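S.K.: make a model of this:
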Amino acid sequence: MSLQGVIICAVIIAVALIISLIPIFMGASLKRKTVKPAELFPPRGASPIDVLICYCGRIADPRSLFNPLMLYWAERGFITIEEDCKRGLKLTKLKDIERPDSDDGFNPCTFELEKSLFERIFSRRKVFYTLGASKYFADFYAKIMDGCKMEAAELVDRKTKIFSIMTIILPFVMLFAVALSVGISTGEVLTVILIFPTAAIAFIRGIPHFELEKGSAMTYFMYTFFGTAGCVPFFATVCLMPWQAGVLISAALVVALLILFVINKKIDLRTPEQLKTYARICGFKSFLLLAERAKLETLVEENPEYFYEVLPYCYILGITEKLKKRYDRIIMDGPGWYLGELRDKLMF
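M.R.: Numbers count the residues shown, from 1 in each chain. This next block holds a predicted model:
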């Protein structure tokens, strides 16, 4: 393969990767430039779901939301929590869930998801054991979490959707251009083999949009089938090409996968209003991590429930371990809604 052909292919791959990274850098730059004021609390109307979505954006992973929600409900007086050696934690319903009094950070869509989960937990009785949940509850919980992911996907500026579409089309254009350049430079008709992995990538990328039950046998079959149908012909043919051509085509395929399955999902451009909420959450996190010990002691003395009010959000922000040493000697008596050793079981 000629040096000119190698250079052309390398430039095509590099340009595609750089273009796809532009929206990532734009989003990160906007977040970094946003002023982050010190906050004692997150937005008063925001639930743990809202804080997770606003803080993490499109990459929010709601699978670990149950514990923060449980603490949030208990602190607001909806349930009590009690230890049960055999069945995990015992949740006892005190009253129906209510929307927050404040509209600051409140999202009616996520509240409906939260309400649906609460009502399903206590649909038959007022007591729920965490280790006694049925498969039907697990399936329902998974659907609620999928709803949270959909809300997170919607928390973007209009430009995000444009860039997202661009980073779906761009890899396929790049693969075609590289295959064409390699074919012209080497005269190898074998470059047509890229049609197999390209088609496989397109199908695998689109599988989540099919009406398939997550984790079902059909889902695994489709991933396995298209993955095999794309990889086997590709690798068998690459071995027959000149090594420069094989390396370039393989590099193009790796970059295409990176753009489609990693970079595309991390594009997260926010509106100015969304950035303000994000900045307030960041300011709240920074306060908890950086506030002087005397300030924390004063807060807890004035409001003994302060730590338990912010605890659900600490889980969401992933800072409970970092706060353990700071609060260990400050925290007073446990909350009235927990019957057991909260310090050992829930706090950290």
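
S.K.: can you pull out the low-pLDDT segments for the stretch 151-300 of the chain?
M.R.: 187-194, 196, 200, 203-230, 232-233, 236, 240 (pLDDT under 70).

S.K.: which stretches in it count as helices?
M.R.: 158-186, 195-206, 217-238, 243-258, 264-266, 272-290, 293-302 (DSSP state H, counting those that start in this stretch).

S.K.: helices or strands up against the fifth one?
M.R.: So that's helix 264-266. helix 158-186 (3 or more C-beta pairs under 8 Å, 6 or more residues apart in numbering; DSSP states H and E). Yep, even glycine has a C-beta here, placed from its N, CA and C like the rest.

S.K.: with the longest one instead?
M.R.: Helices and strands touching helix 158-186, by 3+ C-beta pairs under 8 Å, 6+ apart, are helix 3-33, helix 195-206, helix 243-258, helix 264-266.

S.K.: between the helices of the stretch 151-300 of the chain, which gets nearest to residue 104?
M.R.: helix 272-290 (9.1 Å; C-beta to C-beta).

S.K.: identify each buried residue in the closest one, please.
M.R.: By neighbour count on 16 or more other C-beta atoms under 10 Å, the buried set for helix 272-290 is 274-275, 277-285, 287-288.

S.K.: relative to helix 3-33, how tilted is that helix?
M.R.: If you take axes from the mean of the first three to the mean of the last three C-alpha atoms, to 10 degrees, helix 272-290 sits at 70 degrees to helix 3-33.

S.K.: who does helix 272-290 touch, helix- and strand-wise?
M.R.: Using 3+ C-beta pairs under 8 Å, 6+ apart, helix 272-290 sits against helix 3-33, helix 48-56, helix 306-317, helix 320-327.

S.K.: flag every buried residue along the second one.
M.R.: So the one you mean is helix 48-56. So for helix 48-56, counting by 16+ other C-beta under 10 Å, buried means 48, 49, 50, 51, 52, 53, 54, 55, 56.

S.K.: related to what we said a few turns ago, for residue 166, find the nearest of the helices and strands packed on helix 158-186.
M.R.: helix 3-33 (7.8 Å).

S.K.: gap between the residue nearest in space to the middle of the chain and residue 269?
M.R.: In the chain, the residue lying closest to the centroid (C-alpha atoms, centre = their mean) is residue 60, at 2.2 Å. From residue 60 over to residue 269 the distance is 15 Å, taken as C-beta to C-beta, to the nearest Å.

S.K.: ok, residue 114 next?
M.R.: For residue 114, the distance to residue 269 - C-beta to C-beta - is 26 Å.

S.K.: about what we covered before: what two of the buried residues of helix 272-290 have the greatest distance between them?
M.R.: 274 and 288 (21.9 Å).

S.K.: excluding sequence neighbours, find me the nearest residue to residue 275.
M.R.: In space, and not counting its chain neighbours, residue 275 is closest to residue 34: 4.9 Å by C-beta to C-beta, 6 or more residues apart in numbering.

S.K.: what does residue 78 give?
M.R.: residue 97 (5.5 Å).

S.K.: contacts only, for the nearest residue to residue 107 once chain neighbours are set aside.
M.R.: What sits nearest to residue 107 in space, not counting adjacent residues and going by C-beta to C-beta, 6+ apart, is residue 50, at 5.2 Å. Residue 50 is in contact with 43, 105, 106, 107, 110, counting by C-beta atoms under 8 Å, 6 or more residues apart in numbering.

S.K.: how about the nearest residue to the third one once chain neighbours are set aside, what does it touch?
M.R.: It refers to residue 106. Closest residue in space to residue 106, ignoring its immediate chain neighbours: residue 45 at 3.4 Å, by C-beta to C-beta, 6+ apart. By C-beta under 8 Å, 6+ apart, the contact set of residue 45 is 100, 101, 102, 103, 104, 105, 106.

S.K.: apply 6 Å and report the result again.
M.R.: 100, 102, 103, 104, 105, 106 (C-beta atoms under 6 Å, 6 or more residues apart in numbering).

S.K.: sec struct for it, please.
M.R.: Following DSSP: H, G, I helix; E, B strand; the rest coil, residue 45 is assigned to coil.

S.K.: count of neighbours near residue 256?
M.R.: Counted with other C-beta atoms under 10 Å, the neighbours of residue 256 add up to 25.

S.K.: before we move on, the earlier item: which helix or strand contains the residue nearest to residue 78?
M.R.: Residue 97 is located outside every helix and strand, with elements delineated by DSSP states H and E.

S.K.: pLDDT wise, what is it at?
M.R.: Here, the pLDDT recorded for residue 97 equals 93.

S.K.: hang on, it packs against residue 116?
M.R.: No - the criterion here is C-beta atoms under 6 Å, and residue 97 misses it with residue 116 at 9.8 Å.
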